[in-house]
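Make a model of this:
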Amino acid sequence: MTMDHKTQTELEAAAFRRLVEHLRTRTDVQNIDLMNLAGFCRNCLSNWLKDAADAQGVALSKDESREVVYGMPYDEWKAKHQNEATPEQIAAMNKSAAGH
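Down below sits the predicted model:
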């Protein structure tokens with residue numbers, strides 16, 4: 001399969017937007033669960049967005065990149081949706097981190 005760079009970029013952008021929208025609707029899935037299962041979370045995604053902006057010389061703060069991913073200010077999202085991590089979640093995260 002061959003496609004031009006513009007089309008590839010458009011498709012990747014559409015996939016990114018769909019992933020972000022999915023994560024916004026799945027507030028039941030905690031970041032620690034994403035980290036434990038997939039090795040990345042919403043914060044990682046927002047950091048990658050900021051890294052891409054920095055590489056292109058686009059001004060985007062950490063707070064702004066998080067708002068793109070979360071759909072609201074990060075502190076507001078945490079207050080509404082983030083639960084305290086369980087000991088099991090923390091143990092799984094520590095085990096995962098030790099393996100890297």
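
So what does residue 29 look like in phi/psi?
Residue 29 adopts backbone torsions of phi -90, psi 110, taken as degrees, to the nearest 10.

mind checking the longest helix of this protein?
Longest helix of the chain, by residue count under DSSP state H: helix 5-25.

What residues sit buried inside it?
Neighbour counts over helix 5-25 (16 or more other C-beta atoms under 10 Å) mark 20, 23 as buried. Heads up, the C-betas are built off the backbone N, CA and C, glycines and all.

what's the spacing between that helix and its chain's center?
On the basis of C-alpha atoms, centre = their mean, to the nearest Å, helix 5-25 sits 13 Å off its chain's mean C-alpha point.

Mind checking the pLDDT average for that helix?
The average pLDDT for helix 5-25 rounds to 97.

can you list contacts of that helix?
3, 29, 42, 45, 68, 69, 70, 71 (C-beta atoms under 8 Å, 6 or more residues apart in numbering).

can you check stretch 41-51 too?
Contacts of stretch 41-51 (C-beta under 8 Å, 6+ apart): 19-20, 23, 31-32, 34-35, 60-62, 65-66, 68-70.

Lowest-confidence one in these?
When it comes to pLDDT, residue 35 is the least confident member of the contacts of stretch 41-51, at 92.

Which residue is the nearest non-sequential neighbour of the residue nearest the centre of the chain?
Using C-alpha atoms, centre = their mean, the residue of the chain that lies closest to the mean C-alpha position is residue 42, 2.3 Å off. Nearest non-adjacent residue to residue 42, counting by C-beta to C-beta, 6 or more residues apart in numbering: residue 69, 5.2 Å away.

Let me see the contact set for that neighbour.
Neighbour list for residue 69: 20, 23, 42, 43, 45, 46, 49 [criterion: C-beta under 8 Å, 6+ apart].

What distance do you get for it to residue 5?
Relative to residue 5, residue 69 is positioned 25 Å away (C-beta to C-beta, to the nearest Å).

list the contacts for residue 62?
Neighbour list for residue 62: 46, 47, 50 [criterion: C-beta under 8 Å, 6+ apart].

got the buried residues for stretch 78-96?
The neighbour-count check on stretch 78-96 (16+ other C-beta under 10 Å) flags 81, 89, 92 as buried.
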